Every structure is written in C-alpha cells, then in structure tokens.
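K.L.:
structure for this input, please:
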Amino acid sequence: MPSHEEELPKPVRVVHFEAYSRGHPHPEKTGALMVYGDLSSKTMALLCGGWADDHKTFMPFGRKLADKCGILVGVACPPGYDDRPEDGVGWETHPKKGFSLDEFAKTLRAAAKALKGISTCKGNTEFIGIFHDWGVAAGTIWMKELEEEGSTLDKIVYFDVLLGPPKWAKDDPVPPVAIKQPTFHSKLCTIFQPLTAISNTLYTYVSKHLGLAFFIFHTIVLTVLRLGPLYDWDITPHLPPLMRALYMAFTLRRIFSDYVFQGRLPPGLHEDWKKTPILFLYGTQKRAIFHDPTSTALLERELEEKRSLSKAIAVENAGHWLYHTKEEECLGHVASFIEAENTFKD
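P.N.:
A predicted model of the protein is given here:
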C-alpha cells in the first residue's frame, strides 16, 4: 500500500451515501465510495475491506481493475472506517460502540445502491462484489439476504477470508482427505482475536489506558512467541497505527459478544454457486488461517470437476494482503473471472 496519502490514485469522483451510523457525528452521509472507471460500463464492482483497514487499502487495486477490465468500480468506505481525505474525517470520529456485521451488511447494500445510482448504462448490468477481511463476513451476510429476497449478485470475489460451507454441502460432501485442515499452530495463532476483543472492551467500557496497556502487552507476547497472525512481509503492505487497530477492534468485540450471549455466528456461504459463482483467492504464506477448509475444498472441487465458475486459487508467496504483494497475479485472476461468461446459471 502507498505509504503516503497523496500517492493514492485519485478517484473519478467521491459519492457519499446514507448508511448505518450509530453515534456518528455526521449521520446523514456516513458512507463514501471512491469511484474509478467508465460510468457507462455494463459491469460494475463494489470493493470493501475490513478491520482495521479503510478504503485506502483497496484504492490502488480498484483503480487498476477498472483500467484493466474497462468497468465501473466503487471502493467502499463504510461508516466507522471513514478516514476520508476530502472532508478531513478521521478515525477518531468513528462510532464509539462500533457496529455489528449485520449493520455492516446494510452498509454494503447502501453502497451498492449508490454505485448503481451513478451508472449511466441504459441496458442490463452485471454487479460484482469483491471483499477482504471483515468485508467478507459482511458481504456473505448481504449475499444471503439477497438470496432470501429472490435477488442476487452476479459474481463474488473473496480475498483471504472464507466462511463456512452452504447447507447443500452436507448432502454432497467432499472426501475428508481433500479437506486440508490447518495445523495446531495456525489455530493457535488466532488467539489474537479474543485478546484484541478484550482489549477493545476494556478500552471502551473501563479505561482507555488499561485497554491500551493490555493490547500492547498481548501483542508483544504473541510476537515473541511467534503467535502473531501475520508474517513480516505481510505486515509491510498495510499496518494500521496502534491506536487505530485497538479502536477498530469493535468488530471483533461484537462478534464474540454475539456468540457468547446469543450463540450467533456469521452464516455459511450462499446456496447457488452456479447463479452466483465465487472466486476465492488466498495466500499460501500465513500463520493464521482465516478460510474454512471445507468451503475451500468444495470450491477446489468446483474447479476440478467444472461444476460452475466457482473456484479457489492459492497464490504462492503471499499472505493476508495478497492483492498488494501479488497485485498483478491477483488482478489477472479477478479480471479473468469477471470477463468469463457464466454458462452454468441457466
């Protein structure tokens, strides 16, 4: 990721939209889209990252994708992630209590509506969702909601994170030998999530100093024990400031709160992989595994047996921010996926 804001590709326009914004000081227009590409294109793509990223992580990739495919691209800046240079809104103004993934999904719906609203294409359009990190969880929830409403996206791209399998997987399972389970060390590396959630809880409800002290302490301990989720080369593309990372951990806190008090977890993937195919890209060099191994095996079978356009592709020598470290390779995979005709959906 560019180290200075001025190095980011300037969007064609910035479109503000109304979105979920509990506690935000400017609730009327809390979401923003950084728009690139051809407004008259029949294909448009919405890109969204997640904790503790903002729109800047996806802006270079979004601009290059728009140029490569000749499509309309909107890079979403959800409320709570609104470090928007054009109006000087920084992360310190984020909602103090945070928001849930369900509310994050509502923001994606609003962002999609805003992107469609500026399109000048008069004919049929194709809409693609491209998500990373917590954006994957919110995008999956949104996709499930659309499916229940009888609607859909045309294609979905997930980077690095992949949720559990759809319901039909129980009736059409892959052989257990095809499911590559993460190592014990990889599972242990995810301990940073509950620890960070505790840090944010202390920061929000008890004491900012106590929350910060606990966050620094467990980060140092995990680093020394080599239980941090990221390798050195994976931190290089984008490392949020310490205070921002702690502050933005409300997403993790809400996840654990929903699970502990309500028994709720993010849903499995949508049901129809022919109608809405999935491209899942993940790096091979990661300490902590953020993709469900069964879902990954199912997508690998889709490609191997040519059941649909859906597929999972491992990107060598890349990690969590693979669309930075292996930008051209990821661009090639995504562009080919977007441009491929979906002959399976009928």
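
K.L.:
what about A76, neighbour count?
P.N.:
Number of residues near A76 (other Cβ atoms under 10 Å) recorded here: 31. No exception for glycine: its C-beta is placed from N, CA and C like everyone else's.

K.L.:
looking at the protein, which helix or strand is least sure?
P.N.:
Each helix and strand of the chain was given a mean pLDDT (mean pLDDT, DSSP states H and E); the minimum falls on helix 232-235 at a mean of 63.

K.L.:
give me the low-pLDDT residue ranges for the stretch 51-200 of the chain?
P.N.:
82-88 (pLDDT under 70).

K.L.:
how about the strands in it?
P.N.:
Assigned by DSSP state E, counting those that start in this stretch, the stretch 51-200 of the chain shows strands spanning 72-77, 126-132, 155-159.

K.L.:
redo these as a markdown table? Include distance to P182.
P.N.:
Shown next, in a markdown table, are the strands of the stretch 51-200 of the chain (distance: least, Cβ to Cβ, whole Å):
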| stretch | distance to P182 |
| --- | --- |
| strand 72-77 | 29 |
| strand 126-132 | 19 |
| strand 155-159 | 17 |
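
K.L.:
between those strands, which one is closest to L39.
P.N.:
In terms of Cβ to Cβ, the element of the strands of the stretch 51-200 of the chain nearest to L39 is strand 72-77, at 5.9 Å.

K.L.:
other SSEs contacting that closest one?
P.N.:
In this structure, strand 72-77 packs against strand 31-37, strand 43-48, helix 59-69, helix 101-118, with contacts taken as 3 or more Cβ pairs under 8 Å, 6 or more residues apart in numbering; DSSP states H and E.

K.L.:
which among these is found nearest to P266?
P.N.:
Once the helices and strands packed on strand 72-77 are compared by Cβ to Cβ, helix 101-118 is nearest, at 6.2 Å.

K.L.:
which helices and strands sit right next to that closest one?
P.N.:
strand 13-17, strand 31-37, strand 43-48, strand 72-77, strand 126-132, helix 134-148, helix 250-262.

K.L.:
list the buried residues for stretch 306-318?
P.N.:
By 16 or more other Cβ atoms under 10 Å, the buried positions in stretch 306-318 come out as 307-312, 315, 318.

K.L.:
what sits against the closest residue to I278 other than its chain neighbours?
P.N.:
Nearest non-adjacent residue to I278, counting by Cβ to Cβ, 6 or more residues apart in numbering: S310, 4.6 Å away. Neighbouring residues of S310 by Cβ atoms under 8 Å, 6 or more residues apart in numbering: 273, 277-279, 299, 302-303.

K.L.:
mark which of these are part of helices, please.
P.N.:
299, 302-303 (DSSP state H).

K.L.:
domain ranges for this structure, per the record?
P.N.:
Listed domain ranges for the chain are 5-183+265-339, 186-262 (source: automatic domain parsing).

K.L.:
quick check: which of those domains is buried the most?
P.N.:
Compared across the domains of the chain, domain 5-183+265-339 shows the largest average neighbour count, a mean of 19 (mean count of other Cβ atoms under 10 Å).

K.L.:
any idea how far it is from the middle of the chain?
P.N.:
5 Å (Cα atoms, centre = their mean, to the nearest Å).

K.L.:
out of the domains of the chain, nearest to D346?
P.N.:
Nearest of these (Cβ to Cβ): domain 5-183+265-339, 8.7 Å.

K.L.:
the helices and strands packed on strand 72-77: which one's closest to W134?
P.N.:
Among the helices and strands packed on strand 72-77, helix 101-118 comes nearest to W134, with 7.0 Å by Cβ to Cβ.

K.L.:
between the contacts of S310, which is closest to R109?
P.N.:
The closest of these, once distances to R109 are taken by Cβ to Cβ, is I278, at 18.9 Å.

K.L.:
from L65, how far out is M34?
P.N.:
Applying Cβ to Cβ, to the nearest Å, the value for M34 to L65 is 12 Å.

K.L.:
same check, this time on P95
P.N.:
With the distance defined as Cβ to Cβ, P95 ends up 30 Å from L65.

K.L.:
before we move on, what about R307?
P.N.:
Relative to L65, and taking Cβ to Cβ, R307 is found at 26 Å.

K.L.:
quick check: beta-bridge partners of the closest residue to A45 other than its chain neighbours?
P.N.:
Nearest residue to A45, sequence neighbours excluded (Cβ to Cβ, 6+ apart): I128, at 4.3 Å. Beta bridges link I128 to A45, K155, judged by DSSP bridges.

K.L.:
of the helices and strands packed on strand 72-77, which is nearest V260?
P.N.:
Of the helices and strands packed on strand 72-77, nearest to V260 by Cβ to Cβ is helix 101-118, at 15.1 Å.

K.L.:
could you tell me the angle between the closest one and strand 43-48?
P.N.:
Taking axes from the mean of the first three to the mean of the last three Cα atoms, to 10 degrees, one finds helix 101-118 and strand 43-48 inclined to each other by 150 degrees.

K.L.:
need the helices and strands packed on helix 101-118 in a markdown table (columns: distance to T183).
P.N.:
Converted to a markdown table, the helices and strands packed on helix 101-118 look like this (distance: least, Cβ to Cβ, whole Å):
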| stretch | distance to T183 |
| --- | --- |
| strand 13-17 | 42 |
| strand 31-37 | 38 |
| strand 43-48 | 30 |
| strand 72-77 | 34 |
| strand 126-132 | 23 |
| helix 134-148 | 22 |
| helix 250-262 | 22 |
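
K.L.:
I am finished for the moment; much appreciated.
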